[in-house]
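Visitor: build me a model:
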Amino acid sequence: MDSPFVRLDDREYAEILTDAAFFVISGKGVDRFSVRALARWMKVSPAAILNDYSRGRTLAMIAGRFGQRWLAWSAGDPLFGPTPARVPLRLPEGPDEQLGIRVLGALQLLAEGERVRGNGVPASQLDRLREEELALLRQRLRDALRCCGAAPDDRHVAGIMALTRGLRETLADAESRLTPTEATEILSGYVAAAHATGCDGRLPDGEPVS
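Guide: The predicted model follows:
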């Protein structure tokens, strides 16, 4: 598997737990997530995990580490160049990335369940991820709009973020007929609408926006 959401060569315990969660959730579903299932994947006894971490603390650790992986993927090598018709955050391009979308959705469900039981730490980890990704989007849009002196307002940023999330989830749906190319065209069209009329994506000195 060549996935940006796994770290199979990393021997840090938190990273191994996060890999275990990825494979348990993606292979068996969110309803089969448990410390026992994680331990089975890791080839250790459940007590080897629970002696040091409760289920809630384990989930919080996984949510935090998976959030770091997600942000690195979302921010990495975006199709965002000198023209307005690009996208600021990544969309999934293949099965491995589509799995990552589904795993994040499952972690959000598990974190919400923990919040209902009185443990809000896993959910707060994912809340912070959303805030960081939104800040990244706002900064990239601000940089892209330097060519026409426009500034992304909060409504436009929120709209692009919502559209990005919706397109990601649609692409991750096995029954979806939407292609990554079509999704990119949809999102890039919405992003382009933030530019001033007649903007060609270049700065006043003629240089393209980098």
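Visitor: how many residues are close by Trp73?
Guide: Neighbourhood size, Trp73 [other CB atoms under 10 Å]: 17. All C-beta atoms are positioned from the backbone trio N, CA, C, and that covers glycine.
Visitor: distance check, the nearest residue to it once chain neighbours are set aside against Gly94.
Guide: Residue nearest to Trp73 in three dimensions, not counting chain neighbours: Pro4, with 4.2 Å by CB to CB, 6 or more residues apart in numbering. In this view, Pro4 and Gly94 are 10 Å apart by CB to CB, to the nearest Å.
Visitor: between these two, which is the more surrounded one?
Guide: A direct count of neighbours by other CB under 10 Å for Pro4 and Gly94 places Pro4 higher, at 16 against 11.
Visitor: ok, now which ones touch Val6?
Guide: Contact analysis of Val6 by CB atoms under 8 Å, 6 or more residues apart in numbering lists 19, 22-23.
Visitor: try it again with 7 Å
Guide: Taking CB atoms under 7 Å, 6 or more residues apart in numbering, we find Val6 in contact with 19, 22.
Visitor: let me see the mean pLDDT of stretch 72-79.
Guide: The pLDDT scores in stretch 72-79 average 77.
Visitor: what of stretch 188-201?
Guide: Mean per-residue pLDDT for stretch 188-201: 75.
Visitor: same question for stretch 53-68.
Guide: On average, the pLDDT along stretch 53-68 is 94.
Visitor: next one: stretch 132-152
Guide: Here stretch 132-152 scores 85 as its mean pLDDT.
Visitor: residues contacting Phe22?
Guide: Counting by CB under 7 Å, 6+ apart, the residues that Phe22 touches are 5-6, 103.
Visitor: which helix runs longest in this structure?
Guide: As assigned by DSSP state H, the longest helix anywhere in the chain is helix 121-144.
Visitor: which one of the contacts of Phe22 is nearest Ala60?
Guide: Nearest to Ala60 out of those is Val103 (CB to CB; 16.0 Å).
Visitor: distance-wise, check that closest one relative to Ala39.
Guide: Counting by CB to CB - Val103 and Ala39 are separated by 19 Å.
Visitor: okay, those two: which has more neighbours?
Guide: Neighbour count, other CB under 10 Å: between Val103 and Ala39, Val103 has more, with 26 against 18.
Visitor: run a quick check on that one versus Ile25, I expect a contact.
Guide: Yes - at 5.0 Å, Val103 and Ile25 qualify as touching, with contact defined as CB atoms under 7 Å.
Visitor: the chain: helices as residue ranges?
Guide: With helices called from DSSP H, the chain shows them at 13-28, 35-42, 46-50, 55-75, 95-116, 121-144, 154-172, 180-192.
Visitor: next, the angle from the second one to helix 55-75.
Guide: Okay, so that is helix 35-42. Relative orientation of helix 35-42 and helix 55-75, computed by axes from the mean of the first three to the mean of the last three CA atoms, to 10 degrees: 60 degrees.
Visitor: what sits against the residue nearest the centre of the chain?
Guide: Compute the mean C-alpha point of the chain, and by CA atoms, centre = their mean the closest residue is Trp70, 4.2 Å away. Shown in contact with Trp70 (CB under 7 Å, 6+ apart): 104, 129.
Visitor: make it 8 Å
Guide: 5, 100, 104, 129, 133.
Visitor: between these, which is closest to Gly189?
Guide: Using CB to CB, Glu133 comes nearest to Gly189 of those, at 20.9 Å.
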